[in-house]
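A.B. asks: With the sequence up front, the predicted model follows.
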Amino acid sequence: MIRQLRTVLSAEWQGQYTSFLVWTGLYGVLQGLAVTLLVPVARSLQAADWAGAWMWIGALAVTAVACSIAHYVQAMGGFAVALAALRSMHLRIGDHLVTLPLGWFTGRTGSIAQIASKGTLSVGVVAAHLLTPVIIGITAASRPPTRQRLPSTTGSSSSPAASRSCARPDAPTTRAATSP
């Protein structure tokens, strides 16, 4: 889809399209980083490390601002690329239609109008709205997941399962019979 849209654009818009792709990738990476920063914030808050929590919240705020800027730039670039794709396709269709003989248009004017309006609009929607979530999904998920556990808070829970710290995790839980 990315390469096919590049072929639709005229040569003057290739740089703008590349810039749009770079900004969209950066936006996805910043989104992934912002979500990842929620983990140390939660750990610091759970451990009651207020200074550490504020440090991570500050990093999250900076990342959120950078993410907002990247979102704005890539969204405006996506709209510009979509309009350029529409213009390029309309010019190509018009250039091709003027080369056809007049007899070719008999009975085909409705289908030509639909191709020129609905068909080109569908391609423009891809650039403006559908390409961004695909790229963001790829780049935001590009960081491999970590397998770290949150620190345990033993003794803080009153449930019977939490008090059995030496029990196997796969052992069945049974309750002792209590008499009234």
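C.D. replies: Okay, I see it.
A.B. asks: The most centrally placed residue in the chain - nearest residue in space that isn't next to it in sequence?
C.D. replies: Centroid-nearest residue in the chain: residue 136, 2.9 Å away (criterion: C-alpha atoms, centre = their mean). Nearest non-adjacent residue to residue 136, counting by C-beta to C-beta, 6 or more residues apart in numbering: residue 28, 3.8 Å away. C-beta here means a position set from N, CA and C on the backbone, and glycine is covered the same way.
A.B. asks: ok, now how distant is the one you found from residue 77?
C.D. replies: Distance, residue 28 to residue 77, by C-beta to C-beta, to the nearest Å: 14 Å.
A.B. asks: swap in residue 22?
C.D. replies: Per C-beta to C-beta, residue 22 is found 9 Å from residue 77.
A.B. asks: Likewise for residue 36?
C.D. replies: 25 Å.
A.B. asks: more crowded one of the two?
C.D. replies: A side-by-side neighbour count of residue 36 and residue 77, using other C-beta atoms under 10 Å, places residue 77 first with 22 against 15.
A.B. asks: for the strand or helix carrying that one, what is the average pLDDT?
C.D. replies: Using DSSP states H and E, residue 77 sits in helix 50-97. Helix 50-97 comes out with an average pLDDT of 91.
A.B. asks: Show me how far that helix is from its chain's centre.
C.D. replies: 11 Å (C-alpha atoms, centre = their mean, to the nearest Å).
A.B. asks: next helix or strand past it?
C.D. replies: Proceeding N to C from helix 50-97, the next assigned helix or strand is helix 109-114, under DSSP H and E.
A.B. asks: mean confidence score for the next helix or strand after that following helix?
C.D. replies: Moving toward the C-terminus from helix 109-114, the next helix or strand (DSSP H and E) is helix 120-125. Helix 120-125 carries an average pLDDT of 79.
A.B. asks: In PDB, list the C-alpha atoms belonging to helix 120-125.
C.D. replies: Only the C-alpha atoms of helix 120-125 are listed here, as PDB (Å, rounded to 0.1, in the frame of the first residue of the first chain):
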ATOM      1  CA  THR A 120     -10.000   8.800  -6.500                       C
ATOM      2  CA  LEU A 121     -11.600   9.700  -3.200                       C
ATOM      3  CA  SER A 122     -11.000   6.200  -1.900                       C
ATOM      4  CA  VAL A 123      -7.300   6.500  -2.600                       C
ATOM      5  CA  GLY A 124      -7.200   9.900  -0.900                       C
ATOM      6  CA  VAL A 125      -8.800   8.400   2.200                       C
END
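A.B. asks: Alright, that wraps it up for me.
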